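Kindly generate the corresponding structure for this input.
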Amino acid sequence: MEGLQEQLKQITEKLQQVAHRYHLLQKEHEQLSREVIALRDKEKARLIRIDELEMKITALQTVTGQLNEPEKKEVEKRINRYIREIDRCIALLSE
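Here you go, the predicted model:
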């Protein structure tokens, strides 16, 4: 009977250890999840900044006339896309 109680005590202690470890891992997981979200937000902000800077470079190259033919065509496509988007917005506003 004594051996059974000792085994039960050991099982209870191990269960408490597992529960404690689970709680610690859960906290660590939550912290890592917050870090992932923060890093994704930083990445998104940096990608937006890169896009802005690339647009500025293109604008400067356009103004200074330093674009080659494929770049000029890309700029024209982008401008046409912006114009279509503006026209679509105006059409929605006039409804």
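
contacts, neighbours, all on C-alpha from now
Noted.

Gln61: how many residues sit nearby?
Number of residues near Gln61 (other C-alpha atoms under 10 Å) recorded here: 15.

That one and Glu69, how far apart?
Separation of Gln61 from Glu69 (C-alpha to C-alpha, to the nearest Å) stands at 12 Å.

Kindly report the same for His23.
61 Å.

So these two - more neighbours on which side?
His23 (12 against 9).

Output the lowest mean pLDDT helix or strand found in this protein.
When each helix and strand of the chain is scored by mean pLDDT, DSSP states H and E, helix 69-94 comes last, with a mean of 88.

mind checking how far that helix is from the chain centre?
Here helix 69-94 shows a centroid-to-chain-centroid distance of 27 Å under the convention C-alpha atoms, centre = their mean, to the nearest Å.

What is the neighbour count of Leu92?
By other C-alpha under 10 Å, 9 other residues sit near Leu92.

One more: Thr58?
Thr58 - counted by other C-alpha under 10 Å - has 18 other residues nearby.

got it, and Ala59?
Counted with other C-alpha under 10 Å, the neighbours of Ala59 add up to 14.

That one and Glu69, how far apart?
Noted for Ala59: a distance of 15 Å to Glu69, by C-alpha to C-alpha.

Helix or strand: which one has the residue most central in space within the chain?
By C-alpha atoms, centre = their mean, the mean C-alpha position of the chain lies nearest to Arg40, the distance being 3.0 Å. Using DSSP states H and E, Arg40 sits within helix 2-64.
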